[in-house]
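>>> Sharing a model prediction with you, sequence too.
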Amino acid sequence: MTRLSVNINKVALIRNSRGGNLPDVIQFAIDCERFGAEGITVHPRPDERHIRYNDVYELKKVVTTEFNIEGNPTKRFVELVTSVRPAQVTLVPDPPEALTSNAGWDTIKNQAFLQEVNEEFHRYGIRVSIFVDPDPKMVEGAVKCQADRIELYTEKYAKFFSEDPAKAIEEYVDSARMANNCGLGINAGHDLNLKNLRYFRQNIPDLLEVSIGHALISDALYFGIENTIQFYLRELQ
């Protein structure tokens, strides 16, 4: 089974738009787990425009499945993660001004930096996943960075899925094969939804985890969060 980790950033974004604590991000995470989610993902950014650093500390107290913290490994982010000690940290090379994650790491060019960061996280017993484009060379480079997993950046797959699913998935199959050959675990995320998720999972058989936020929260506006989580779990079966 591929694990479903729910990214709750959009819930925090709604809360922050009005101030106060509605919706309650912490309770939402608890309910996602109660409804079947097998992980909770957050991506705190420097401006805290959605998930705040304090949210991360509070979530650590209540998350009983797998807690995954995504972000660019700045000094402040590294301090946060090593303090909280989640099950997994996902390294994403997004600059502060980025609206959302829009590229994977160049694991060759940034090998020395990523290796140093990974060693720091490993000292605290934290599993490290590196966000990469569907390029076997970048996957292979993640091994030299001492990553435990890669997270395949699936925006390109989602963009071209409706035109030609087989062609859209091709690079991802090659990258997953390289990850398997190198002994890396495989995660995936970005723009996965109820239309394209099943096909992706079927063609990446060793897929361990997907992190889904924007589409899942949007679907919940229509179906409710309990039903929506069940719909996504069904696509992963």
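In hand now; what should we look at?

>>> partners of the residue positioned nearest the centre of the chain in the sheet?
The chain has Ser211 as the residue nearest its centroid, 4.2 Å off, counting by C-alpha atoms, centre = their mean. Under the criterion DSSP bridges, Ser211 forms beta bridges with Ser5, Gly189.

>>> can you count the residues close to the nearest residue to Phe231 once chain neighbours are set aside?
Nearest residue to Phe231, sequence neighbours excluded (C-beta to C-beta, 6 or more residues apart in numbering): Leu194, at 6.0 Å. To be clear about C-beta, it is placed using only N, CA and C from the backbone, and glycine gets the same treatment. As a burial measure, Leu194 scores 16 neighbours (other C-beta atoms under 10 Å).

>>> Where does Leu194 sit: helix, strand or coil?
Assigned by DSSP: H, G, I helix; E, B strand; the rest coil, the conformation of Leu194 is coil.

>>> now Val89
With three-state DSSP as the basis, Val89 sits in strand.

>>> Would you confirm that the residue nearest to the centre of the chain contacts Asn68?
Yes. At 6.5 Å, Ser211 counts as touching Asn68 under the criterion of C-beta atoms under 8 Å.

>>> which residues do the two both contact?
Jointly contacting Ser211 and Asn68 under the rule C-beta atoms under 8 Å, 6 or more residues apart in numbering are 5, 39, 41, 90.

>>> This protein: helices as residue ranges?
Taking DSSP state H as the criterion, the chain carries its helices at 9-18, 25-34, 53-62, 75-84, 111-123, 136-144, 155-160, 165-182, 197-203, 214-223, 225-236.

>>> What count of nearby residues applies to the nearest residue to Val84 once chain neighbours are set aside?
Distance criterion C-beta to C-beta, 6+ apart; nearest residue to Val84, sequence neighbours excluded, is Lys60 at 4.8 Å. Neighbour count of Lys60, defined by other C-beta under 10 Å: 14.

>>> Look up how far Trp105 lies from Lys60.
25 Å (C-beta to C-beta, to the nearest Å).

>>> do the same with Asn68
Counting by C-beta to C-beta, the separation of Asn68 from Trp105 is 17 Å.

>>> repeat for Phe113
Counting by C-beta to C-beta, the gap from Phe113 to Trp105 is 10 Å.

>>> Mind checking which of those two has more residues around it?
Trp105 (25 against 13).

>>> which residues does the residue nearest to Val84 contact?
Contacts of Lys60 by C-beta under 8 Å, 6+ apart are 67, 84-86.

>>> now do Ser175
Counting by C-beta under 8 Å, 6+ apart, the residues that Ser175 touches are 132, 134-136, 138-139, 150, 152.

>>> Identify, from the residues you listed, the entry nearest to Arg123.
Top of the list for closeness to Arg123, among the contacts of Ser175 and by C-beta to C-beta, is Ile150 at 20.9 Å.

>>> List the residues that contact that closest one.
Going by C-beta under 8 Å, 6+ apart, Ile150 touches 129-132, 139, 142, 175, 179, 184-187.

>>> Top of the contacts of Lys60 by number of neighbours, please.
Counting by other C-beta under 10 Å, top hit in these: Pro86 with 25 neighbours.

>>> Isn't it up against Ile69?
Yes. Shown here, Pro86 and Ile69 form a contact pair, counting by C-beta under 8 Å, at 4.9 Å.

>>> How far does stretch 155-166 sit from its chain's centre?
Distance, stretch centre to chain centre, for stretch 155-166: 19 Å (C-alpha atoms, centre = their mean, to the nearest Å).

>>> Same check on stretch 146-157?
9 Å.

>>> buried sites along that stretch?
146-157 (16 or more other C-beta atoms under 10 Å).
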